[in-house]
Every structure is written in structure tokens, then in C-alpha cells.
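*Asks:* quick one, fold the following:
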Amino acid sequence: MKYKVGDWVKVREDLEKNKYDKCRFTQDMEQYKGKIFQIESSHSNWGDYYILRNADTWAWSEEMLEPAKLAIHTPTKEQFKHVMEVFDKKGWHWAGGLKPLERLDSFEYKEETCIRYEDNFGYACKYYYEEKGYKVISYSEFLEMEGIIPFMREYIDKGITYDDIRKAVDLVKEENKMAYIEEPIKLEECAKKNLAEAKAKIEEERKNAEIEYAANEYRKMIDNLDRLKRNKKRIDEDIKEQEAELKVFGKK
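*Replies:* Take a look at the predicted model:
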């Protein structure tokens with residue numbers, strides 16, 4: 001299949017009703033034309049099709065979609081440099097032909113700086129790309145799309161190459177919107193000594209994420225309960241006020 005889970009795509013603007021063989025385009029799907037979504041799941045039973053995140057459960061075929069234009073928001077110099085490092089590993093270049101790491105001073109827009117997510121890339125402020133119809137993704141979303149787990153930066157800083165670390169990833173999944181490594185495979189010789197430490201760190205981060213998620217859900221429940229109590233108090237006060245008014249009216 002052309003697209004994979006996590007890819008950003010744009011629903012074609014020229015779609016016509018009942019024209020496509022694999023998936024029907026209906027009146028109810030008109031609202032999604034020209035909008036950008038992330039692939040939530042892909043399926044090959046009854047023909048290849050995709051489900052898009054936040055687009056109900058409609059099925060979309062490849063011919064109904066096109067790659068979305070993406071820009072990465074890099075509000076810090078450190079994030080900007082890391083994106084350049086990844087682009088350099090890909091063999092990408094600036095639009096003028098320079099290698100990514102040969103132009104690290106292009107940060108004039110500061111916290112509004114965005115980089116086009118493509119070869120022969122450029123940069124501009126966030127507002128510019130939004131006006132041009134780009135989907136502006138966060139630095140975290142960029143890391144997830146590249147299969148880069150936050151702990152990888154620690155090993156990159158130790159001198160282990162980006163390629164070596166990528167070889168340690170067998171499968172990256174999404175759970176509670178946080179990426180984690182399910183099964184490490186063999187590292188290159190220079191990274192083998194770090195496997196036990198990496199696995200322990202991954203497990204710790206996974207457990208911390210689960211605890212944080214449970215704590216957030218608990219806080220939401222408490223907030224909802226407090227809100228309900230406040231509403232009940234207001235309703236009780238209104239009832240008492242209405243009863244008092246009725247008593248006064250009855251005496252008249």
C-alpha cells in the first residue's frame with residue numbers, strides 16, 4: 001500500500017460522487033475534501049483502503065488521497081539542528097543545494113521557525129506555511145513519524161550513530177499516543193553494550209507514561225465531579241429561590 005499508518009495525507013479536492021471502484025465517495029464525505037488527516041489504519045480485506053483519524057469511519061482508497069504538504073515546527077535551535085541531522089542522514093539538501101548541516105544559522109524566525117518536510121527543503125515562519133495550505137506538525141510528531149524515540153538522543157550524544165540506533169528498532173507502535181519500542185533487535189557492535197540499559201529505560205518510560213495517563217484520567221474525574229457538585233448547588237439554590245417566590249406569590 002502506498003501510505004502507512006501515521007502518514008499525513010490530503011483528501012483530493014476534485015473527488016466526484018460514485019466514481020471510484022474500491023471505495024464510494026458520497027455526499028456525506030464532501031466535507032472532508034481538501035482537508036489534511038493522518039492515516040489511522042490501513043486494510044486489505046475487500047480491497048485496499050484507509051481509515052483517517054478524525055474523519056469518522058469512512059473508507060478511502062489511494063486514488064482518493066494525495067500526500068500532504070508538511071512543515072515541521074522547530075521553536076528551539078536544538079530542535080532545528082536535530083531536524084537537520086535527520087535530513088542529512090536522508091541525503092536531503094536545502095533548496096539551494098547546500099547540505100542540511102551547512103546552514104544551521106537559518107533560525108531568524110525564532111520560535112515561529114518551520115521547515116518543509118521534503119527534499120530540497122526551505123524554511124519560513126509558521127504563519128506563512130499555514131497560509132500556503134501546509135500541515136504544520138510539531139517536533140514530537142516529526143520524531144514519531146521518523147521512528148525516533150526520545151531516548152535515542154541520549155545514545156546519539158554518546159557517539160552511537162543514528163543508523164545504528166534505527167537498526168535496534170524492530171517495531172514501533174502507538175499506545176495512548178506515546179511511541180514505545182516493543183522489541184529491540186541486535187545493535188551494531190558499538191551499541192551492544194547499551195542494550196540492557198536501553199530496555200530498562202524503555203520499560204521505565206512506559207510505566208511512567210501509564211501512571212501519568214491514569215493520574216490525568218483521575219484528575220479529570222475529580223474535576224468533573226467538582227463541576228457537577230457546583231452545578232447541583234446552583235440548581236438547589238435556584239429551586240429554593242423559586243419556592244420562596246411561589247410562597248410570596250401565594251400569599252398575595
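
*Asks:* do you have the helices of the protein handy? List them.
*Replies:* In the chain, the helices defined using DSSP state H lie at 77-90, 126-131, 139-145, 152-157, 162-166, 195-251.

*Asks:* biggest strand in the protein, by residue count?
*Replies:* What stands out as the longest strand in the chain, according to DSSP state E, is strand 36-43.

*Asks:* hmm, who's touching that one?
*Replies:* 1, 3-11, 48-55, 59, 68, 135 (C-beta atoms under 8 Å, 6 or more residues apart in numbering). In this view, the C-beta of every residue, glycine as well, is placed from N, C-alpha and C.

*Asks:* number of residues surrounding the closest residue in space to Phe87 that isn't next to it in sequence?
*Replies:* In this structure, Phe87 finds its nearest non-sequential neighbour in Pro100, 4.2 Å apart by C-beta to C-beta, 6 or more residues apart in numbering. Pro100: 21 surrounding residues under other C-beta atoms under 10 Å.

*Asks:* give the contact list for Pro100.
*Replies:* 84-85, 87-88, 92-94.

*Asks:* again, only using 10 Å
*Replies:* 81, 83-94, 115, 121 (C-beta atoms under 10 Å, 6 or more residues apart in numbering).

*Asks:* closest to Arg219 out of those residues?
*Replies:* Arg219 has its nearest neighbour among these in Val83, at 33.5 Å by C-beta to C-beta.

*Asks:* out of the contacts of strand 36-43, which are inside strands?
*Replies:* Those of the contacts of strand 36-43 lying in strands (DSSP E): 8-11, 49-52, 59, 135.

*Asks:* switch the residues you listed over to JSON lines; also include neighbour count.
*Replies:* JSON lines is the format used below for these (neighbours: other C-beta atoms under 10 Å):
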{"residue": "Trp8", "neighbour count": "20"}
{"residue": "Val9", "neighbour count": "22"}
{"residue": "Lys10", "neighbour count": "18"}
{"residue": "Val11", "neighbour count": "23"}
{"residue": "Tyr49", "neighbour count": "19"}
{"residue": "Tyr50", "neighbour count": "26"}
{"residue": "Ile51", "neighbour count": "17"}
{"residue": "Leu52", "neighbour count": "22"}
{"residue": "Ala59", "neighbour count": "17"}
{"residue": "Lys135", "neighbour count": "19"}
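
*Asks:* avg pLDDT for stretch 51-68?
*Replies:* The pLDDT scores in stretch 51-68 average 88.

*Asks:* now find how far off-centre that stretch is within its chain.
*Replies:* 16 Å (C-alpha atoms, centre = their mean, to the nearest Å).

*Asks:* list the buried residues for that stretch?
*Replies:* Neighbour-count burial for stretch 51-68, with 16 or more other C-beta atoms under 10 Å as criterion, is recorded at 51-52, 55, 58-62, 64-65, 68.

*Asks:* what does stretch 229-248 give?
*Replies:* So for stretch 229-248, nothing qualifies as buried (16+ other C-beta under 10 Å).

*Asks:* circling back to that earlier point, and the contacts of Pro100, which is closest to Lys220?
*Replies:* Among the contacts of Pro100, and counting by C-beta to C-beta, the member closest to Lys220 is Val83, at 33.6 Å.

*Asks:* surely the closest one and Pro75 touch.
*Replies:* No. The criterion here is C-beta atoms under 10 Å, and Val83 misses it with Pro75 at 11.6 Å.
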